[in-house]
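K.L.:
coordinates only, sequence not included:
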């Protein structure tokens, strides 16, 4: 795993320690999932001012972003593309995970145990999103 980009480091420098700790655990998990699934390297950047990860190889998967804000100081939010069904699928698979708007945002409590299995599953679904078989056509 390469060093994170300077822009990412700069963005999270003002976050409280619990949010930073969750981000680093998520980042490690994202790279582990990508390696285990042979997805290839992940690109790391800021998208809409938020730390973001996506497979470097085109047409593999979607972007997974993280964000913390003073508006929700006790949560770290995972954000997926709102044109996908990823948030809804995660809510169905892990109903006790926490607040989920079923479109793009999953809010993790910073004072709760780190939900490693759920986050790893979300990373796998996100980073392989375009590799899923197409749904059969009706008619």
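P.N.:
Structure's in. What do you need? Fair warning: this is a prediction, and the values are worked out from it, not measured in the lab.
K.L.:
now the strands: where do they sit in the protein?
P.N.:
Using DSSP state E, the strands found in the chain span residues 42-47, 50-55, 64-67, 75-80, 105-109.
K.L.:
by contact count, what packs against the first one?
P.N.:
Looking back up the chat, that one is strand 42-47. If you count contacts as 3 or more CB pairs under 8 Å, 6 or more residues apart in numbering; DSSP states H and E, strand 42-47 packs onto helix 6-12, helix 17-36, strand 50-55. (Each C-beta comes from the backbone N, C-alpha and C, glycine too.)
K.L.:
who touches the last one?
P.N.:
Looking back up the chat, that one is strand 50-55. 8, 11-12, 23, 27, 30, 34, 39-46, 61-67, 79, 127 (CB atoms under 8 Å, 6 or more residues apart in numbering).
K.L.:
show the buried residues in those residues.
P.N.:
Among the contacts of strand 50-55, those scoring as buried are 8, 11-12, 23, 27, 30, 34, 39, 42, 44-45, 61-67, 79, 127 (criterion: 16 or more other CB atoms under 10 Å).
K.L.:
beta partners for the nearest residue to residue 91 once chain neighbours are set aside?
P.N.:
Using CB to CB, 6 or more residues apart in numbering and skipping residues adjacent in sequence, the residue nearest residue 91 is residue 100, 4.4 Å away. Here residue 100 sits in beta bridges with residue 106, going by DSSP bridges.
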